[in-house]
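Colleague: give me a model of this one.
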Amino acid sequence: MALVHPPGLTRFRTHDLPGSRRLTGWEEHNARALVGLRVTTDRPFDGTEVNLTLPRLQVARVSGSPHAVERDVRQIAEHPADGVVVYFSLAGESHFEHRGGRELVVPGQALVLDGDQPFRREFSDGLTELVLKAPRRGPVRPQVFSFRDNAHAQALVSALSGALRGPADWDGLEHTATDLLDTLLGARTPTADLAAAHAFIAAHLHEQELCALRIAAAIGYSERHLSRLFAKSGQSVPQAILNARLDAARSVLIEPVSLAEVAARTGFVSQAHFSRTYRARFGVTPRQDRAALRS
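Modeller: Model prediction:
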């Protein structure tokens, strides 16, 4: 059963179907919303999928019990993908078979493939993964890479995960995700590099030693080039770091922790510095803002 969620989002659960219809229902849903696959398993199957369909992209978060999927010539003919597919593994190992061989994909790795080439995937312990399908802009060879130590891939995972949690700037997401994917496939853009830099800041803002040099190294830029990139966006690198820290701190003010803990968790050198910069940005002190939020 597909349940309508906030604009652009749907959720599908095999749990809502009779047992005899679960595999067929899963296949039918994926053929409509993502990629047509044949599913096999020797045990009862349970799966959940949250989908986002945009004009050029299809995004999903998929969770399922142990099973195998196959995309063969018949599936390709009946349900052409006309694009590249990226699977970001979050939980559960899988084996990926294609014309070039067989590979193991573990959590923290991403699998990129041409959606219109045959493949088979086995999930012996079940899976949780993010999936992105996008238009193909050239030949795509199957590849497996780590996304945990790749700033651009991390930025893409962050953008997709955020969009699947609720309403977002769909047009902006599509543009950013397309640029980030192009970068992963070998074509860099300033938009993707800026998104990767912001994602790196968000992931490391609790570290007091976060600086332009570290961010530049993460995205493969010189520090000077990074500064020019941020200047074109209307702020300096230090301003971007400070604003990210202040936004993060404001989002956790409602939690039952001390203001000193909030400051430490978001990378401020002291509570006094935190309070001073917070008031300069938002016009109230953290203590005043916390009281207003709690009331």
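
Colleague: for this structure, name the helix or strand with the lowest mean pLDDT.
Modeller: strand 2-4 (a mean of 40; mean pLDDT, DSSP states H and E).

Colleague: continuing past that one, what's the next helix or strand?
Modeller: strand 9-13 (DSSP states H and E).

Colleague: and the average pLDDT for that next one is what?
Modeller: The average pLDDT within strand 9-13 is 92.

Colleague: ok now the following helix or strand past that strand, how far from the chain's centre?
Modeller: Going down the chain from strand 9-13, the next helix or strand is helix 22-33, by DSSP H and E. Relative to its chain's centre, helix 22-33 lies at 23 Å (C-alpha atoms, centre = their mean, to the nearest Å).

Colleague: could you do stretch 128-141 as well?
Modeller: Relative to the centre of its chain, stretch 128-141 is centred 13 Å away, using C-alpha atoms, centre = their mean.

Colleague: any idea how far Leu229 is from Gln271?
Modeller: 32 Å (C-beta to C-beta, to the nearest Å). No exception for glycine: its C-beta is placed from N, CA and C like everyone else's.

Colleague: what are the ranges of the strands in the stretch 101-250 of the chain?
Modeller: All strands of the stretch 101-250 of the chain, identified by DSSP state E, counting those that start in this stretch, fall at 101-105, 109-114, 119-123, 127-135, 143-146.

Colleague: which strands or helices does the second one pack on?
Modeller: It stands for strand 109-114. strand 83-91, strand 143-146 (3 or more C-beta pairs under 8 Å, 6 or more residues apart in numbering; DSSP states H and E).

Colleague: those strands: which one's closest to Tyr278?
Modeller: Tyr278 lies closest, by C-beta to C-beta, to one member of the helices and strands packed on strand 109-114: strand 83-91, at 33.7 Å.

Colleague: buried residues in stretch 87-104?
Modeller: Within stretch 87-104, the residues scored as buried using 16 or more other C-beta atoms under 10 Å are 87-90, 92-94, 96-98.

Colleague: again, but for stretch 150-162
Modeller: Here stretch 150-162 shows 150-160 as buried, counting by 16+ other C-beta under 10 Å.

Colleague: go on, stretch 170-180?
Modeller: Buried residues in stretch 170-180 (16+ other C-beta under 10 Å): 170, 173-180.

Colleague: for Ser236, state which of those residues is nearest.
Modeller: Nearest to Ser236 among the buried residues of stretch 170-180, with distances taken as C-beta to C-beta, is Thr176, at 21.2 Å.
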